[in-house]
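Chemist: my questions are about this predicted structure, shown below with the sequence.
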Amino acid sequence: MLRIADYVRAMETQSIGPQGYVKSVLDRVRASGMNDSEVCRKAGIAPSTFVRIKSGKHSPTVSTLDKIESVLDLEAEMKRAGESSA
């Protein structure tokens, strides 16, 4: 799982570009099982912005990516907690 600090390090070493980082975040969204509306609502971003990010027509800000990643991290944490209590 990449985070903003990982992105900065990767960019410094040129091992990943901005598009690669955005793709990794979008891959995590798909793997989470959440739909677009749910991600947008929980992250506090406009659905139109998310659609433009997914289509490659918009380069997200670091802040927007961080909001999406925070939602994904919280969802993953909640799933782990649910599994451990079962």
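Modeler: Nice, thanks for sending it over. Residues are numbered from 1 along each chain as shown.
Chemist: ok, which stretches of the protein are strands?
Modeler: Assignment of strands within the chain using DSSP state E yields no ranges at all.
Chemist: select the helix or strand of it having the lowest average pLDDT value.
Modeler: Counting by mean pLDDT, DSSP states H and E, the weakest-scoring helix or strand in the chain turns out to be helix 4-13, with a mean of 62.
Chemist: max-length helix in this protein?
Modeler: Scanning the chain for the helix with the most residues, using DSSP state H, yields helix 62-84.
Chemist: now residue 66: how far from residue 73?
Modeler: Using C-beta to C-beta, to the nearest Å, one obtains 10 Å as the distance from residue 66 to residue 73. Yep, even glycine has a C-beta here, placed from its N, CA and C like the rest.
Chemist: wait, residue 25
Modeler: 11 Å.
Chemist: repeat for residue 23
Modeler: For residue 23, the distance to residue 73 - C-beta to C-beta - is 18 Å.
Chemist: residue 64: neighbour count?
Modeler: Using other C-beta atoms under 10 Å, residue 64 has 20 neighbouring residues.
Chemist: who's in contact with it?
Modeler: With contacts taken as C-beta atoms under 8 Å, 6 or more residues apart in numbering, residue 64 has the following neighbours: 43, 45, 49, 53.
Chemist: which residues does the last one contact?
Modeler: For residue 53, the contact set (C-beta under 8 Å, 6+ apart) comprises 22, 26, 59-60, 64.
Chemist: and with 10 Å instead?
Modeler: Contact criterion C-beta atoms under 10 Å, 6 or more residues apart in numbering gives 22, 25-26, 29, 45, 59-60, 64-65, 68 as the residues in contact with residue 53.
Chemist: of those, just the buried ones, PyMOL syntax please.
Modeler: Paste this into PyMOL to select the buried members of the contacts of residue 53, with burial taken from 16 or more other C-beta atoms under 10 Å:
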select buried, resi 22+25+26+29+45+60+64+65+68
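Chemist: distance check, residue 53 against residue 83.
Modeler: Relative to residue 83, and taking C-beta to C-beta, residue 53 is found at 30 Å.
Chemist: all set now, cheers.
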